[in-house]
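Visitor: quick check, what structure comes out for this input:
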Amino acid sequence: MALILLTFAAQFNFMLPQRHPIYNMQFALLCLSSFLFSASFNMLIPELPAYLSSLGGAEFKGYIIGLFTITAGIARPFSGKLTDRVGRVPVMAVGSLVCVICGLLYPLLTTVAGFLWLRLFHGFSTGFKPTATAAYVADIVPANRWGEAMGIHGLCFSTGLAIGPAIGSELYQRVSMNALFYCSSLFALLSIVILMNMKETLGEKQKFQFAMLKMSRKEIFEMRVLPGAIVCFLSYLSYGAILTLISDWGSHLGVANKGLFYMVFTVSSLLIRFMSGKMSDRIGRVSIIKFSLFLLVVSMLLVAIAESALFLMFASAVYGVATGMLSPALTAWIIDLSHPEHRGKAVATMYIALEAGIGLGAFVAGALYISDINMIPFTFYLVAGLTLLALLYLVLIYKPGPKIKINES
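Guide: Down below sits the predicted model:
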């Protein structure tokens, strides 16, 4: 599926004036690896709340995403540093390897405590792979096409996000929960196999040493990208709430397949990612981000007032358009703000903010919900208000600084 989408994008690109050929084999392999990685850990999401309840941990539903994002956030500074020193490909491989291991361990750790500890460990996967992936894209694509490239890569990643939950729900219903765990592990393993065929793009690689894991304050955050990190944090609170509550909210409204919401919003984001990425290259990242934040606020309000499965799917589609516009523009903006030699740290800073937003959104949503369905609309109203703060920050507070000169050839 990811290769089909990439082929379509390449054909579309051939109708445009020819520039740097970003649609090459390396980019294709990267997109396919990301597709498999995304499907691997996202196929578990719809069924984990019910699975945790079956283990006796219904009150810990907010921890499913919250614990995952804690370690993802903790891993970001380390993955950013290692990406800039050891290389992009090894760091990506570590992220996928964590998913392989976790998929094999879930069937063995069948207590609430064991499950929660495993969710904590599983978070290292997204703490490593996406950081190095974004840096790899920026390495092989000229600066004036970062938005387009991030859009295409995001399209493939989101295809995994859409297909994964649908596959997961079908496997659970037709086979078993353990089959779902093992399938997750297999997808991650295939992602690693693809990475083994990719060329490293970091010029001056260093051999890994444990001393590299020592972090100073300056190595944790890239302050140049702080404006992007603020927007990222506030905008991804909504995703944490979605991951925690949408399965129960959908069931309440009559949605049979718990993965359907994810499929609808991801499909709606696919083509818009490509177009919005190109638009951000032409009219500016911040303009696209402002509009996407407005749509994101609207989508959260629509989720809150949904009274039927059909209306919820409409809200999901609006949410998909909003996130499809936001993600590539925000990632490209972060890279715009950073220096090339600190690209890994800059991307890691963005993902720290992202994971913090998702994690806090999940914890707050879980704490407010506690199996009271009437609290779900209030939670999404609250998330809409917090997302609005990101838009107000860009409109009223943010002032663009001097641009960093980067070779666009």
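
Visitor: number of nearby residues for residue 59?
Guide: 13 (other CB atoms under 10 Å). To be clear about C-beta, it is placed using only N, CA and C from the backbone, and glycine gets the same treatment.

Visitor: against residue 113, how distant is the closest residue to it other than its chain neighbours?
Guide: Nearest non-adjacent residue to residue 59, counting by CB to CB, 6 or more residues apart in numbering: residue 370, 6.8 Å away. Distance, residue 370 to residue 113, by CB to CB, to the nearest Å: 20 Å.

Visitor: what is the neighbour count of the residue nearest to residue 59?
Guide: Residues contacting residue 370 under the criterion other CB under 10 Å number 11.

Visitor: quick one: end-to-end distance for stretch 334-342.
Guide: The separation between the terminal residues of stretch 334-342, taken as CA to CA, to the nearest Å, is 11 Å.

Visitor: what helix or strand does residue 399 sit in?
Guide: Assigned by DSSP states H and E, residue 399 belongs to neither a helix nor a strand.

Visitor: give me the phi and psi for it.
Guide: Main-chain torsions, residue 399, degrees, to the nearest 10: phi -130, psi 120.

Visitor: likewise residue 202?
Guide: Dihedral angles for residue 202 - degrees, to the nearest 10 - are phi -80, psi 120.

Visitor: tell me which residues touch the residue lying closest to it once chain neighbours are set aside, please.
Guide: Distances taken as CB to CB, 6+ apart place residue 87 nearest to residue 202, at 4.6 Å, with adjacent residues excluded. With contact taken as CB atoms under 8 Å, 6 or more residues apart in numbering, residue 87 is in contact with 200, 202, 205.

Visitor: check residue 199 too.
Guide: Contacts for residue 199 (CB under 8 Å, 6+ apart) come out as 26, 89.

Visitor: also residue 279?
Guide: Residue 279 neighbours (CB under 8 Å, 6+ apart): 147, 288.

Visitor: name the element it belongs to?
Guide: Secondary structure assignment for residue 279, by DSSP H and E: helix 260-283.

Visitor: could you point out which element follows that helix?
Guide: Of the helices and strands lying after helix 260-283 in sequence (DSSP H and E), the nearest is helix 285-305.

Visitor: rounded mean pLDDT for that next one, please.
Guide: Per-residue pLDDT over helix 285-305 has a mean of 93.

Visitor: put the alpha carbons of it into PDB.
Guide: The C-alpha trace of helix 285-305 is given here as PDB (Å, rounded to 0.1, in the frame of the first residue of the first chain):
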ATOM      1  CA  ARG A 285       4.700  26.800   7.100                       C
ATOM      2  CA  VAL A 286       3.100  29.000   9.700                       C
ATOM      3  CA  SER A 287       0.200  30.000   7.500                       C
ATOM      4  CA  ILE A 288      -0.700  26.300   6.900                       C
ATOM      5  CA  ILE A 289      -0.200  25.500  10.600                       C
ATOM      6  CA  LYS A 290      -2.600  28.300  11.600                       C
ATOM      7  CA  PHE A 291      -5.400  27.000   9.300                       C
ATOM      8  CA  SER A 292      -4.800  23.400  10.400                       C
ATOM      9  CA  LEU A 293      -5.100  24.400  14.100                       C
ATOM     10  CA  PHE A 294      -8.400  26.100  13.400                       C
ATOM     11  CA  LEU A 295      -9.700  22.900  11.800                       C
ATOM     12  CA  LEU A 296      -8.300  20.800  14.700                       C
ATOM     13  CA  VAL A 297     -10.400  22.900  17.200                       C
ATOM     14  CA  VAL A 298     -13.500  22.500  15.000                       C
ATOM     15  CA  SER A 299     -12.900  18.700  14.800                       C
ATOM     16  CA  MET A 300     -12.700  18.400  18.600                       C
ATOM     17  CA  LEU A 301     -15.900  20.300  19.000                       C
ATOM     18  CA  LEU A 302     -17.600  18.000  16.500                       C
ATOM     19  CA  VAL A 303     -16.400  14.900  18.300                       C
ATOM     20  CA  ALA A 304     -17.800  16.400  21.600                       C
ATOM     21  CA  ILE A 305     -21.300  17.000  20.100                       C
END
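
Visitor: and the angle for the helix or strand just after that helix with helix 260-283?
Guide: Heading C-terminal from helix 285-305, the first helix or strand you meet, by DSSP H and E, is helix 309-337. Helix 309-337 runs at 40 degrees relative to helix 260-283, counting by axes from the mean of the first three to the mean of the last three CA atoms, to 10 degrees.

Visitor: list the helices and strands helix 309-337 packs on?
Guide: Secondary-structure packing of helix 309-337 (3 or more CB pairs under 8 Å, 6 or more residues apart in numbering; DSSP states H and E): helix 124-140, helix 146-174, helix 226-235, helix 237-252, helix 260-283, helix 285-305, helix 343-369.

Visitor: what comes up buried for the third one?
Guide: Neighbour-count burial for helix 226-235 flags 227, 228, 229, 230, 231, 232, 233, 234, 235 (criterion: 16 or more other CB atoms under 10 Å).

Visitor: tell me what angle it forms with helix 285-305.
Guide: Interaxial angle of helix 226-235 relative to helix 285-305 (the same axes, to 10 degrees): 10 degrees.

Visitor: I'm done for today, thanks for sticking with me.
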